[in-house]
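> Using only what follows, build the 3D model:
(4 chains)
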Protein chains: 2
Amino acid sequence: MDRSQRSSEAVSTEGAEEMKISTKGRYGTRAMIDIAENCSSGPVSLRMLAERQCLSLKYMEQIIPLLKSSGLIRSARGARGGYVLAKKPREISLRDIVEALEGAWSLVDCVDDPALCDRTEECGAYDVWNDIQAAIYKILNSTTLADMAARSKKKAKAAASRKQS
Amino acid sequence: MDRSQRSSEAVSTEGAEEMKISTKGRYGTRAMIDIAENCSSGPVSLRMLAERQCLSLKYMEQIIPLLKSSGLIRSARGARGGYVLAKKPREISLRDIVEALEGAWSLVDCVDDPALCDRTEECGAYDVWNDIQAAIYKILNSTTLADMAARSKKKAKAAASRKQS
DNA sequence: TACATTTCCCACCGCTATACTCGGAAAAGC
DNA sequence: GCTTTTCCGAGTATAGCGGTGGGAAATGTA
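Take a look at the predicted model:
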């Protein structure tokens, strides 16, 4: 039980964890924001990223490939290597990111594939699930990495000036 | 492998089940709609409900208590017993139902309890998670059981007339 | 050329939740 | 007294979550 190298956010183990964005999704988007903010001066290594974001390096090594295989980032191996964005921050939506990390997703299966449930024709709840999913996707689609990076920068600045005063 | 008594919707076992409304949530709301539609002529038994909705009786026996302990339905034991709504359909929101079934819920923990993550002050993603959660709750709050029951009835009628023609 | 850094790959692990099934007791109407 | 019903507590198989750990291969730098 070596607690000296505490990593990440102290995952809460107390009940009812269902229907959440997983750490994969959250850590991954944080990684994307971090890369967006730091890749202007060359590739960002996972070591630095994990340190800055206070995340487990080994765990990130597992998450990052998902972003790469979806074509959101590119990698450079070897010393001074790391990751860079594959597109402009404006052109990467949060939906791209979440979908890369958590897979194509639906709130309930029957919304995506009505064949799974022969009751959609008579189900009074179906429409609501559909509405909720649409609302989520609307936000996911309209939020870009550029938006989030800007927000992050703004917050950092605000925090800094608060410290100074 | 007794497949003679096929129940429910054939839970898909193929990957990526994360971040969904669970069967508890879905079956439970369907149960509520069914009770709303059928309790005018006396309590509805789980046997009938499960049959109509094509759900496992034994599984429902486990889900229904959640709705009862949250005060959404009342029970009558013994023969001719069953369940009735404890309030008017107008006064039961989908949020009440989902919360009874899945527990108090948040998309990501730090949205509900910022103490869990000391980075909310600088996290560029936090606001988005918050927005999404708000959008979901807006729909959950504004949808009532009466709405869903009405929709269900309308759909059933449409289906029937389609069959007739 | 040696070396440190970095991505990459694969295996393993404990834990918890999901989605059930099963058996039986207690209540209540007929 | 019999059947119908709720009620209660166990047990179970499977899979995902959230990691850790051990290396191999690439690639800049001294």
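> CA only for contacts and neighbour counts going forward, please
Fine.
> Check whether the spatially most central residue of chain A sits in a helix, strand or coil.
Central residue check for chain A by Cα atoms, centre = their mean: the C-alpha nearest the mean position is that of residue A:29, 2.5 Å away. When states are read from DSSP: H, G, I helix; E, B strand; the rest coil, the local structure at residue A:29 comes out as helix.
> Run through the residues that contact it.
Applying Cα atoms under 8 Å, 6 or more residues apart in numbering or on different chains, one finds that residue A:29 lies in contact with A:94, A:97-98, B:125.
> so where's chain A shaky on pLDDT?
In the predicted model, chain A carries pLDDT under 70 at residues A:1-18, A:109-122, A:165.
> Break down it into its strands, ranges please.
With DSSP state E, the ranges of strands along chain A come out as A:73-76, A:82-85.
> Output those strands in JSON lines, with mean neighbour count and distance to residue B:149 appended to each entry.
Converted to JSON lines, those look like this (neighbours: other Cα atoms under 10 Å in any protein chain shown; distance: least, Cα to Cα, whole Å):
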{"stretch": "strand A:73-76", "mean neighbour count": "17", "distance to residue B:149": "47"}
{"stretch": "strand A:82-85", "mean neighbour count": "22", "distance to residue B:149": "48"}
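> The residue nearest to residue A:102 when sequence neighbours are not counted: neighbouring residues, count only.
For residue A:102, the nearest residue in space outside its immediate sequence neighbours is residue A:25; the separation is 6.2 Å by Cα to Cα, 6 or more residues apart in numbering or on different chains. Here the neighbour count serves as a burial measure; for residue A:25 (other Cα atoms under 10 Å in any protein chain shown) it reads 19.
> just checking, residue A:25 touches residue A:96?
No: counting by Cα atoms under 8 Å, no contact exists between residue A:25 and residue A:96, whose distance comes to 11.1 Å.
> Can you name the residues of chain A sitting close to chain B?
On the criterion Cα under 8 Å from any Cα of the partner chain, chain B has as its neighbours in chain A the residues A:9-10, A:16, A:18-22, A:29-30, A:33, A:102-103, A:105-108, A:116-117, A:121-125, A:128, A:131-132, A:135-136, A:139, A:143, A:148-153, A:155-156, A:159.
> which of these are buried?
The neighbour count (16 or more other Cα atoms under 10 Å in any protein chain shown) marks A:18-22, A:29-30, A:33, A:102-103, A:105-108, A:117, A:122-125, A:128, A:132, A:135-136, A:139, A:143, A:148-153, A:155-156 as buried among those.
> still on that earlier bit, of all the strands of chain A, which one comes closest to DNA strand D?
Evaluated over the strands of chain A, closeness to DNA strand D peaks at strand A:73-76, with 6.3 Å, by Cα to the nearest atom of the strand.
> what helices or strands is the closest one leaning on?
Identification of packing neighbours for strand A:73-76 by 3 or more Cα pairs under 8 Å, 6 or more residues apart in numbering or on different chains; DSSP states H and E yields helix A:57-69, strand A:82-85.
> Starting from it, tell me which strands it pairs with and how they run.
For strand A:73-76, sheet partners with direction are given as strand A:82-85 (antiparallel), following DSSP bridges.
> Tell me how far the closest residue to residue A:107 other than its chain neighbours lies from DNA strand D.
Counting by Cα to Cα, 6+ apart, residue B:20 is the residue found nearest to residue A:107 once chain neighbours are left out, at 4.6 Å. Residue B:20 sits 10 Å away from DNA strand D, taking Cα to the nearest atom of the strand, to the nearest Å as the criterion.
> Do I have it right that residue B:20 meets residue A:21?
No: with contact defined as Cα under 8 Å, residue B:20 and residue A:21 do not form a contacting pair (9.6 Å).
> And the residue in chain A positioned nearest to DNA strand D, its phi and psi?
Proximity of chain A to DNA strand D (Cα to the nearest atom of the strand) peaks at residue A:78, 3.4 Å away. Note on residue A:78: backbone dihedrals following degrees, to the nearest 10 are phi 80, psi 180.
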